[in-house]
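Undergrad: Provided below for reference: sequence and predicted model.
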Amino acid sequence: MSDRPVGDMAGERPDGWAETVVAGLEAARAAERALGEALRPGMSLKEEKAQRRAEAVRAAAMGLGAEGCAAAAGISERLLASWRAEDPVFDAALSAARSLAHVHDVVPDVTANPAVLRMALDAILDGVPFVAVGALVGAKRDAFYRLRRGNPRLGALFGAAQNARRRTTSPGRKKKAELKGYRLVRLDSPAVRRSDPVR
């Protein structure tokens, strides 16, 4: 490994550089989880909700929409809408953050905003399918795929995140993920057909 900062490795093999960057992200996520677990015994539900709301407001300040704000907070869009409806101060904060992003021309662009790129990589590491990650960061599906193909560094980062996710997924979960949601069900028994008399 080189003594140069990770960002300086981009001139080398993009795949190796991307693996190093994603490994760093994974280490930071693991450290964050460990800190959360260390505090968990003393953290109330109210404090956890406040933390999640702060993450949603931060995402709004990055120019992300409701889907991205919910993903940043680790909650569903439905729960985010419920929090906004029941808490006018949170709703105002989210609206103000979104207005701030708009006024300062902050757009959720993975090519220009490192925080948005990190969110996209975190989503992939969390198991969000690549096709859905674009929507989280406000990109249209086709544009997101073109971006991956057209930018070797981004393509390498997305690929490294997907590889890391595959390595950490248990075989049972992999098998479940491969199932497409279809299940063949036989409605009549081959031994006893409706036209046959039951003995």
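TA: All right, it came through fine.

Undergrad: pLDDT weak spots in the chain?
TA: For the chain, residues meeting the criterion pLDDT under 70 lie at 1-12, 170-199.

Undergrad: Just want the most central residue of it.
TA: Centroid-nearest residue in the chain: A123, 1.7 Å away (criterion: Cα atoms, centre = their mean).

Undergrad: Need the three-state assignment for that residue.
TA: Per DSSP: H, G, I helix; E, B strand; the rest coil, the local secondary structure of A123 is helix.

Undergrad: Tell me who's in contact with it.
TA: 71, 132-133, 136 (Cβ atoms under 8 Å, 6 or more residues apart in numbering). All C-beta atoms are positioned from the backbone trio N, CA, C, and that covers glycine.

Undergrad: buried stuff in the helix or strand harbouring D142?
TA: Assigned by DSSP states H and E, D142 belongs to helix 141-150. Applying a neighbour-count criterion of 16 or more other Cβ atoms under 10 Å, one finds 144, 147-148 buried in helix 141-150.

Undergrad: helices and strands around it, which ones?
TA: helix 130-136, helix 152-168 (3 or more Cβ pairs under 8 Å, 6 or more residues apart in numbering; DSSP states H and E).

Undergrad: Please enumerate the helices of the protein.
TA: Remark: helices assigned in the chain by DSSP state H are 14-39, 45-61, 66-73, 77-86, 88-103, 114-125, 130-136, 141-150, 152-168, 171-178.

Undergrad: If you count neighbours, what's buried in the fourth one?
TA: The reference is to helix 77-86. 80, 83-84.

Undergrad: That helix versus helix 45-61: what angle between them?
TA: In terms of direction (axes from the mean of the first three to the mean of the last three Cα atoms, to 10 degrees), helix 77-86 departs from helix 45-61 by 100 degrees.

Undergrad: The first one too?
TA: In terms of direction (the same axes, to 10 degrees), helix 14-39 departs from helix 45-61 by 150 degrees.

Undergrad: go on, the third one?
TA: Using the same axes, to 10 degrees, the interaxial angle of helix 66-73 with respect to helix 45-61 works out to 130 degrees.

Undergrad: Return the distance of Q51 relative to A92.
TA: 19 Å (Cβ to Cβ, to the nearest Å).
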